[in-house]
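Student: 3D model of this:
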Amino acid sequence: MACRISELVLDCRDPERLAAFWCEILGFQVLGREDGAVEIGPEEGFGGLQPTLVFSPSDEPKREKLRLHIDVNPTDRDQAAELERLLAAGAVPADVGQKGDEQWHVLADPEGNEFCLLRRRL
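Tutor: Here you go, the predicted structure:
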């Protein structure tokens, strides 16, 4: 028997703010709150195919590039339209040493955590 990823935990200064941002980006909803942490996930809740995201309060500042980052791809529009939506939601372009010919966009959430916007998969 194998394991599956059930949740990803991200330390952050403002769990409510990041939860709201990622709920908008992913179409998730808040599933629970405990000890200042906020867990979000798909409408069907826990145990589905997608892992939930837990935003855990931390006073430690982000100092370096994350060793793990999230990749997203649009499900109902092209990459350019999705980029506009993400920027309007509060994402900002991030420079992690791209060369300029990549087929993805590197962005950062409101706390500076990098993530990539890939092309739409058919």
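
Student: and L83, which of the three is it?
Tutor: Following DSSP: H, G, I helix; E, B strand; the rest coil, we place L83 in the helix state.

Student: likewise A19?
Tutor: Criterion first, three-state DSSP; result for A19: helix.

Student: Isn't it up against G41?
Tutor: No - between A19 and G41 there is no contact under C-beta atoms under 8 Å: 10.5 Å. In this view, the C-beta of every residue, glycine as well, is placed from N, C-alpha and C.

Student: Give the residues shared as contacts by these two.
Tutor: Residues touching both A19 and G41 (C-beta atoms under 8 Å, 6 or more residues apart in numbering): L53.

Student: Just the strands from this structure, written as ranges.
Tutor: Shown for the chain, the strands assigned by DSSP state E span residues 7-12, 29-34, 37-41, 52-57, 70-72, 92-93, 105-108, 114-117.

Student: what packs against the last one?
Tutor: Based on contacts counted as 3 or more C-beta pairs under 8 Å, 6 or more residues apart in numbering; DSSP states H and E, the elements that strand 114-117 packs against are strand 70-72, helix 79-89, strand 105-108.

Student: Touching the last one from outside, list them.
Tutor: For strand 105-108, the external contacting residues (C-beta under 8 Å, 6+ apart) are 79, 83, 86-87, 91-96, 98, 114-117.

Student: Please apply the same query to the longest one.
Tutor: The contact list for helix 79-89 (C-beta under 8 Å, 6+ apart) reads 21, 24-25, 73-74, 77, 93, 105, 107, 117-120.
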